[in-house]
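K.L.:
with the sequence up front, the predicted model follows.
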Amino acid sequence: MSKLPLLGLPPYASTQERVWRLFFYIFCGLVLLFLISPILIVIPISFNDSKFLSFPRDVWSLRWYEDFFFNDRWTTAVKNSVIIAFFSTILSTTLGTIAALGLSRPNIPFRAAIMAVLISPMIVPVVITAAALYFFYANPLMLPGESNIILNNTYVGVILAHTLLATPFVVITVTATLTGFDQSMIRAGASLGAPPTLVFRKVILPLISPGVISGALFAFVTSWDEVVVVLFVGGTEQRTLPRQMFSGIREMISPTITAAATVLITIAVLMLVTVELLRRRSERLRGLR
Amino acid sequence: MAIADRAPLLTIDGVSLRARLARAERSRKLKALGLILPLFLFVLITFLIPLGRMGYKSVVNEETFGRLDHTNQALSEWDGQSVPDEAAFAALAADLKAAQEQRQAGEIAKRINYEYAGAISKFKSITRTVSKMETGPYKEVFLEADKVWGDPRLWRTIRNASGHYTSYYWLSSIDLRHGAEGLESVPPDQAVFVDVYGRTFWIAGVVTVLTLILGFPVAYLLATQPAHRANLLMIFVMLPFWTSLLVRTTAWFVLLRSEGPLNDLAEMIVNQRFEMIFTRFGTIVAMTHIQLPFTLLPIYSVMKNIPPSHVRAARSLGAGPFHAFWKVYFPQTVPGIAAGCLLTFILCLGYYITPALVGGPRDQMVSYYVAYYMNNIINFGQAAALGAILLIITMVLYWAYNKLVGIDKMKLG
């Protein structure tokens, strides 16, 4: 038969099939390379000593990391991002988890329509959401004249907007965890005399906690990455890390953006690992594996 | 004995069991809806109502609302072709005087200027002139000040802008305007938006097709490899998915630059540098990279559930490898392809950051123009109308997605 390797094919595979398989592997390898290499290429560039965005030739240096960790412009941005992401994660995780608990009860009227509305902030182009919020925040309570409250250029405004954008992710992950959740366990708890809050704490929460935590992580990342809403409704005081990177690329092209990118990639790796571990734990808890 | 002949089952306190069950069921439903209510109200107040108010902004003459009522009345009988009579001039003068006292004349001028370029300075100077006058006649004064006041098109613009509501922003978003005889196209040098919408669809379509071509084989690879190897390869897909959009856009910005690593490579191989940053090519490559996991993952999760025995059965029945794949395997992946492609297409329509950073001026999509009219031109009506059209298109596709795939089936990670 052919001298081409089998590449996981059964021994009766024809030459043509083997050539195809080889081509298929090469193609997939190139696509995976395309996916990962742009992210990896930023890392060495961030250690370059020169002011230009290129690979370090002779001198490696940490000067852009120094700028990132000690320059007020960047440290304030990191601080803002953490504050905003923290509060919008708490808000969206609470709202989203409670709603998901309601949504996974059997026989909810108009369930599909309600779900579609709750997920829609994820689908609507974020520029439109940001524009609508900008108009809304100019006078949220529709009070006349001077007595109105303005939410534009405030932390509250940005946090509420990020909460809105993040809740769909929480709803999706928690409802996914709740599929296959045995509702009779709630009744079992209740029949043994536990009040609803105790049932929630002792029965429901331990089972759905992996979903809630990965929902919270998604919510955190949504807020942590978000730039358009901040551009529209945030002021200079609410300058977040992505906002700072946006102007870093647009206005000054300082290699500090590559250092910031490397730090963010590290955080992404940690998040990815956490979510994967949680998913496995959840599958084990629910007996799916 | 038939069941119907029996006395109804009663609970201990004498109520029929059926009624008690119905009540219990109702209270369960209410409790469940009560859990959903907080989030629903939150989405309603901070999302749906603001979107509605944005839609309202796209049809209301906010700048002139109630400030040109006299003019509107005086122009109601006007034929739209000739120079209006003294009454119209007097009404406009009265409205401008009143607006000037409240320091709102500039707003009116701004609104007219959207439709009639250059009107802003004419309005400013005529407002100064009429503010000094006690009585008319005004027509000669206007015409003497500037011959533009004899232009019927300017008056048609004033008439359109003096009502409380306007179709101007919506028409202008599809390159139309009110002409002397009904609707007409705007002059070619101002007709940009149809082109922008076309470009948005084109870029979204190309990116969707590219993500499918690149994503399908990889999804197949991941679904058919043994678990430990598939999990390892999955990192390649999931890491970009979890990495910030800004980081990925930064990466492409660095890569595509004329002094960037890709061009260094090109110079080594073919001794030539290419222009890639701020081009359509760069935009599409970066967007494809960002969207690839969104197309790939739904296809992967469908493929994961296709039993390998199907293709083996086809092979054992004599089908060739390609025939078996095409006739047995591929049709089963179609729901995944539809889900992934539709999601990517919907998300692509709203792209703003990536084209803004790696694209050129000819590669900007609808979102960019919404932002541009909001933040640079400060023409909120136009921004709202452009956004509303994009919103409607997105909602129609979202509805289709919901029908076709079901929002419940959406999986993350």
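P.N.:
Yep, it's here.

K.L.:
any figure for the gap between the residue of chain B found nearest chain A and B:M365?
P.N.:
Per C-beta to the nearest C-beta, B:G350 is where chain B lies closest to chain A, at 2.5 Å. From N, CA and C alone the C-beta is placed, and that goes for glycine too. Distance, B:G350 to B:M365, using C-beta to C-beta, to the nearest Å: 8 Å.

K.L.:
so which of the two has more stuff around it?
P.N.:
Neighbour totals were compared for B:G350 and B:M365, and B:M365 leads with 29 against 23 (other C-beta atoms under 10 Å in any protein chain shown).

K.L.:
now do the contacts for that one.
P.N.:
The contact partners of B:M365, by C-beta atoms under 8 Å, 6 or more residues apart in numbering or on different chains, come to B:V196, B:R199, B:T200, B:I203, B:L349, B:Y351, B:Y352, B:P355.

K.L.:
go again with 7 Å.
P.N.:
Taking C-beta atoms under 7 Å, 6 or more residues apart in numbering or on different chains, we find B:M365 in contact with B:R199, B:T200, B:I203, B:Y351, B:P355.

K.L.:
what of B:T127?
P.N.:
Counting by C-beta under 7 Å, 6+ apart, B:T127 has contacts B:L96, B:Q100, B:A105.

K.L.:
how about the nearest residue to B:A286, chain neighbours excluded?
P.N.:
B:W252 (4.0 Å; C-beta to C-beta, 6 or more residues apart in numbering or on different chains).

K.L.:
that neighbour reaches A:S37, doesn't it?
P.N.:
No - using C-beta atoms under 7 Å, B:W252 is not in contact with A:S37, being 11.0 Å away.

K.L.:
the two - which one has more neighbours?
P.N.:
Neighbour count, other C-beta under 10 Å: between B:W252 and A:S37, B:W252 has more, with 26 against 15.

K.L.:
picking up where we left off before, going through the contacts of B:M365, which ones are buried?
P.N.:
Neighbour-count burial (16 or more other C-beta atoms under 10 Å in any protein chain shown) applied to the contacts of B:M365 gives B:R199, B:T200, B:I203, B:Y351, B:P355.

K.L.:
what is the most widely separated pair among those?
P.N.:
B:R199 and B:Y351 (11.4 Å; C-beta to C-beta).

K.L.:
and the helices in the stretch 101-250 of chain A, which stretches?
P.N.:
Shown for the stretch 101-250 of chain A, the helices assigned by DSSP state H, counting those that start in this stretch span residues A:111-123, A:126-138, A:155-178, A:184-191, A:196-199, A:205-225, A:228-233, A:241-247.

K.L.:
ok, the stretch 201-350 of chain B next?
P.N.:
Under DSSP H, counting those that start in this stretch, the stretch 201-350 of chain B gives helices at B:227-242, B:245-256, B:261-270, B:280-303, B:309-316, B:321-324, B:330-349.

K.L.:
average pLDDT for the fifth one, rounded please.
P.N.:
The predicted model gives helix B:309-316 an average pLDDT of 91.

K.L.:
what is that helix packed up against?
P.N.:
helix B:321-324 (3 or more C-beta pairs under 7 Å, 6 or more residues apart in numbering or on different chains; DSSP states H and E).

K.L.:
ok now the helix it packs on, how far from the chain's centre?
P.N.:
Relative to its chain's centre, helix B:321-324 lies at 42 Å (C-alpha atoms, centre = their mean, to the nearest Å).

K.L.:
same check on stretch B:208-228?
P.N.:
29 Å.

K.L.:
near chain A, anything from that stretch?
P.N.:
Yes - judged by C-beta under 7 Å from any C-beta of the partner chain, stretch B:208-228 and chain A are in contact via B:L214, B:P217, B:V218, B:L221.

K.L.:
residue contacts, the third one?
P.N.:
Neighbour list for B:V218: A:C28, A:V31, A:L32, B:L296 [criterion: C-beta under 7 Å, 6+ apart].

K.L.:
so how far is A:I249 from B:F253?
P.N.:
Taken as C-beta to C-beta, the span from B:F253 to A:I249 is 6 Å.

K.L.:
joint contacts of the two?
P.N.:
With contacts taken as C-beta under 7 Å, 6+ apart, B:F253 and A:I249 have B:L357 as neighbours in common.

K.L.:
which one of these two is surrounded by more residues?
P.N.:
Counted by other C-beta under 10 Å, B:F253 and A:I249 do not tie: B:F253 has more neighbours, with 28 against 19.

K.L.:
dump the residue contacts of the more buried one.
P.N.:
Neighbour list for B:F253: A:I249, B:I277, B:L357, B:V358 [criterion: C-beta under 7 Å, 6+ apart].

K.L.:
ok, back up a step: can I get the buried ones among the contacts of B:M365 in a markdown table including distance to B:R257, secondary structure and pLDDT?
P.N.:
Converted to a markdown table, these look like this (distance: C-beta to C-beta, whole Å; DSSP: H, G, I helix; E, B strand; the rest coil; pLDDT from 0 to 100):
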| residue | distance to B:R257 | secondary structure | pLDDT |
| --- | --- | --- | --- |
| B:R199 | 23 | helix | 96 |
| B:T200 | 25 | helix | 97 |
| B:I203 | 21 | helix | 97 |
| B:Y351 | 20 | coil | 95 |
| B:P355 | 16 | helix | 95 |
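
K.L.:
what residue ranges in chain A score low on pLDDT?
P.N.:
Residues of chain A meeting the criterion pLDDT under 70: A:1-4, A:6, A:145-147, A:252, A:287-289.

K.L.:
closest point of it to chain B, which residue?
P.N.:
For chain A, C-beta to the nearest C-beta, closest residue to chain B: A:P125, 2.5 Å.

K.L.:
that residue contacts B:L349, doesn't it?
P.N.:
Yes - contact status for A:P125 versus B:L349: in contact at 6.5 Å, counting by C-beta under 7 Å.

K.L.:
give me the more crowded residue out of those two.
P.N.:
A direct count of neighbours by other C-beta under 10 Å for A:P125 and B:L349 places A:P125 higher, at 25 against 21.

K.L.:
which residue packs closest to the more buried one, ignoring adjacent ones?
P.N.:
B:G350 (2.5 Å).

K.L.:
enumerate every residue touching residue 221.
P.N.:
No chain in the question, so chain A it is. A:M271, B:W242.

K.L.:
sorry, I should have been clearer: chain B.
P.N.:
A:C28, B:L233.

K.L.:
nothing else from me, thank you.
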